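Asks: sequence below, structure please.
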Amino acid sequence: MDLYLVFWIAAVVLLVVEVVAGMTLGVALSAAISLFVLGILNGLGLLVGMNSHLLVGVLVFAASTWFVLKYFRGRARQSERDRDVNDY
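Replies: Reported below is the predicted structural model:
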């Protein structure tokens, strides 16, 4: 089995865990995004060797975590602004 298929299968499993468990932190979501991107990069042949996978994986995970947290925080702020003053 090729390594990009392993990345994609792990990404799908993490997405299922994210949805079934109802996690709102988005850590599993950002990990799934990272594994999906690593699968694409590996499938294109851009990554060679374990050090490349580790370094690029860390960078992609950090970036996807930042974007996921930014998205969820933006949605939380939006829902606070849309709340009616008389809501308890």
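Asks: name the residues of the helix or strand where Gln78 lies that come out as buried.
Replies: For Gln78, the element it lies in under DSSP states H and E is helix 50-82. Buried residues in helix 50-82, defined by neighbour count with 16 or more other Cβ atoms under 10 Å: 53, 56-57, 60-61, 64-65, 68. All C-beta atoms are positioned from the backbone trio N, CA, C, and that covers glycine.
Asks: dump those residues to TSV, plus pLDDT and distance to Gly39.
Replies: Rendered in TSV, the data for these read as follows (pLDDT from 0 to 100; distance: Cβ to Cβ, whole Å):
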residue	pLDDT	distance to Gly39
His53	85	11
Val56	90	12
Gly57	89	11
Val60	93	11
Phe61	93	13
Ser64	92	13
Thr65	89	18
Val68	87	18
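Asks: between those, which sits nearest Ala76?
Replies: Checking these against Ala76 with Cβ to Cβ, the nearest one is Val68 at 12.7 Å.
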